[in-house]
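Novice: predicted model and sequence below, questions to follow.
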Amino acid sequence: MEIAKRLNGVGEYYFSKKLREIDGLNKQGKNIINLGIGSPDLPPHPEVIRTLQEEAVKPNVHGYQNYKGSPVLRQAFADWYRKWYGVELNPETEILPLIGSKEGIMHICMTYLNEGDAALVPNPGYPTYRSNVTIAGGVCINYELKEEHRYQPDLEALAAKDLSRVKLMFVNYPQMPTGQQPDVEVMKDLVAFAKKHGILLVHDNPYSFILNDRPASILSIEGAKEVALELNSLSKSHNMAGWRVGVLCGAADRVNEVLRFKSNMDSGMFLPLQLAAAAALSLGRDWHDEVNAVYRARREKVYDLLDLLGCTYSKDQVGLFMWAAIPQGYKDGYELADAVLYNADVFITPGGIFGDAGDRYIRISLCGSIERFEAAIDRVSAQIAKIRIEN
């Protein structure tokens, strides 16, 4: 049986393949320390878990749910956006809960892209943008994000291109994988650019609370609802990655257009899970401060590891990862990552999986205990002579 042509050029997700390899190494007794995946290892707030437990034992909560999500959850998202982002959203018409924000990327691509339509995709950037555009029949046009330009898009250079077939532009601040913080002036420029060229902005915003004191939404920019949709998630901000709770926010017409596709893909989310998510959204600053204190301590250990490897990096990054330039001597980040994996039994992520603009970089996740990072440092230190390429 031949696979569908839409999968041509779309390979298995890098982490899916690499985790299989790591599993094989572990079966050989290697006990790999995985510092590559951004899956929060901390639990959700106890109140969130308690809400799920209490609601799940009720007899009347196990049926199909509203395709647009529980009114309780939509109101909670509206309150959350007002409190943290200063954005007013109508919970009835401008909010669409998702089974994780990752699925929202696919929903948007399938809703708006015809075969041959183009989407502007950041390089480096989240690989799912590229794969979902391709699966939907679209064409990816890279826009490069450069360290010397603070990983901001060069909109003048983009405006000089033929944008006649471009329908979508993916943007992501705090940016993954670079950790670049959001900038209100850049967001204003993005909204103006989208209006001028008739492009729908898709702002992917799951990292705005991690090590960042200024959560920002592109929807706070005047006129943004006319040209932008925003994806958000509880995966990182509330340690609920496996719960699969996200949201799409934007103008009512756009939300309804995406709902036309989404309602043919799933039958809603388990109601107790939605009510627990609503409880999570009501948490205050104390929660985020507590989580960030843990990540801040871990980040200090990642600095030590990167220094040991001879990498250079900015301490102004926010989000769940550290992005670092590799030292001279290595062909690319893959070579350094493999040297660390096969010599020290520690897995870090090569920057090239996020696009060729990331070839000279690596990324390390902050997900793991202090003891885990210290163990990784000890392993790398013991094998540094085998890992390090001296110039």
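Specialist: Good, I have the coordinates. Numbers count the residues shown, from 1 in each chain.

Novice: max-length helix in this structure?
Specialist: If you go by DSSP state H, the chain has its longest helix at helix 285-309.

Novice: for stretch 9-27, output the C-alpha coordinates as CSV.
Specialist: These are the backbone C-alpha positions of stretch 9-27, laid out as CSV (Å, rounded to 0.1, in the frame of the first residue of the first chain):
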residue,chain,number,x,y,z
GLY,A,9,9.0,15.2,2.3
VAL,A,10,7.6,14.7,5.8
GLY,A,11,9.8,12.4,7.9
GLU,A,12,9.2,10.9,11.3
TYR,A,13,9.5,13.6,14.0
TYR,A,14,13.2,13.8,15.1
PHE,A,15,12.5,13.1,18.7
SER,A,16,10.4,10.1,17.9
LYS,A,17,13.4,8.5,16.1
LYS,A,18,15.9,9.6,18.7
LEU,A,19,14.0,8.4,21.6
ARG,A,20,13.9,4.9,20.0
GLU,A,21,17.6,5.0,19.6
ILE,A,22,18.0,6.1,23.3
ASP,A,23,15.7,3.3,24.3
GLY,A,24,18.0,0.9,22.5
LEU,A,25,21.1,2.3,24.3
ASN,A,26,19.3,2.0,27.6
LYS,A,27,18.6,-1.6,26.9
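
Novice: average pLDDT for that stretch?
Specialist: Averaged over stretch 9-27, pLDDT sits at 82.

Novice: for that stretch, give me every contacting residue.
Specialist: Contacts of stretch 9-27 from elsewhere in the structure, counted by C-beta atoms under 8 Å, 6 or more residues apart in numbering, are 32, 34, 36-37, 127, 131, 134-135, 345, 347, 353. Yep, even glycine has a C-beta here, placed from its N, CA and C like the rest.

Novice: now stretch 294-306
Specialist: Stretch 294-306 has contacts (C-beta under 8 Å, 6+ apart) with 42, 210-211, 313, 315, 320, 322, 324, 364, 366, 368-370, 373-374, 376-377, 380.

Novice: now a PyMOL select for only the buried ones of those residues.
Specialist: The following PyMOL line selects those of the contacts of stretch 294-306 that are buried, judged by 16 or more other C-beta atoms under 10 Å:
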select buried, resi 210+211+313+320+322+324+364+366+368+373+376+377+380
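
Novice: for the worst-scoring helix or strand of the chain on mean pLDDT, the distance to its chain's centre please.
Specialist: Counting by mean pLDDT, DSSP states H and E, the chain has its least confident helix or strand at helix 14-27, which shows a mean of 85. How far helix 14-27 lies from its chain's middle: 21 Å, per C-alpha atoms, centre = their mean, to the nearest Å.

Novice: spell out the residue ranges of the strands in the protein.
Specialist: 33-34, 95-98, 118-123, 139-144, 166-171, 200-204, 228-233, 246-249, 312-313, 321-325, 346-347, 349-350, 361-365 (DSSP state E).

Novice: could I get the ones you listed as a markdown table with mean pLDDT?
Specialist: A markdown table is the format used below for the strands of the chain (pLDDT from 0 to 100):
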| stretch | mean pLDDT |
| --- | --- |
| strand 33-34 | 94 |
| strand 95-98 | 97 |
| strand 118-123 | 98 |
| strand 139-144 | 96 |
| strand 166-171 | 98 |
| strand 200-204 | 98 |
| strand 228-233 | 98 |
| strand 246-249 | 98 |
| strand 312-313 | 96 |
| strand 321-325 | 97 |
| strand 346-347 | 96 |
| strand 349-350 | 95 |
| strand 361-365 | 97 |
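
Novice: which of the ones you listed sits closest to residue 338?
Specialist: Comparing the strands of the chain against residue 338 with C-beta to C-beta, the closest turns out to be strand 349-350 (8.1 Å).

Novice: give the other helices and strands that the closest one contacts.
Specialist: Applying 3 or more C-beta pairs under 8 Å, 6 or more residues apart in numbering; DSSP states H and E, one finds that strand 349-350 contacts helix 333-344, strand 361-365.

Novice: between the strands of the chain, which gets nearest to residue 49?
Specialist: Residue 49 lies closest, by C-beta to C-beta, to one member of the strands of the chain: strand 228-233, at 18.3 Å.

Novice: what strands flank that closest one, and is each parallel or antiparallel?
Specialist: Strand 228-233 pairs in its sheet with strand 200-204 (parallel), strand 246-249 (antiparallel), by DSSP bridges.

Novice: reformat those as a markdown table; add distance to residue 235.
Specialist: Formatted as a markdown table, these follow (distance: least, C-beta to C-beta, whole Å):
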| stretch | distance to residue 235 |
| --- | --- |
| strand 200-204 | 12 |
| strand 246-249 | 7 |
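
Novice: tell me the most buried of those?
Specialist: Most buried of the strands paired with strand 228-233, by mean neighbour count (mean count of other C-beta atoms under 10 Å): strand 246-249, with a mean of 26.

Novice: just the CA atoms of that one, as PDB, please.
Specialist: Taking C-alpha atoms only, strand 246-249 is exported to PDB below (Å, rounded to 0.1, in the frame of the first residue of the first chain):
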ATOM      1  CA  GLY A 246      -4.500  24.300  24.600                       C
ATOM      2  CA  VAL A 247      -6.500  27.200  23.100                       C
ATOM      3  CA  LEU A 248      -7.000  29.100  19.900                       C
ATOM      4  CA  CYS A 249      -7.900  32.800  20.300                       C
END
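
Novice: what's it in contact with?
Specialist: Contacts to strand 246-249, defined as C-beta under 8 Å, 6+ apart, come from residues 77, 81, 87, 89, 94-104, 107-108, 206, 217, 219, 229-235, 255, 258.

Novice: try stretch 141-151
Specialist: 118-125, 152-154, 157-158, 161, 166, 175, 178, 180, 183, 325, 355, 357.
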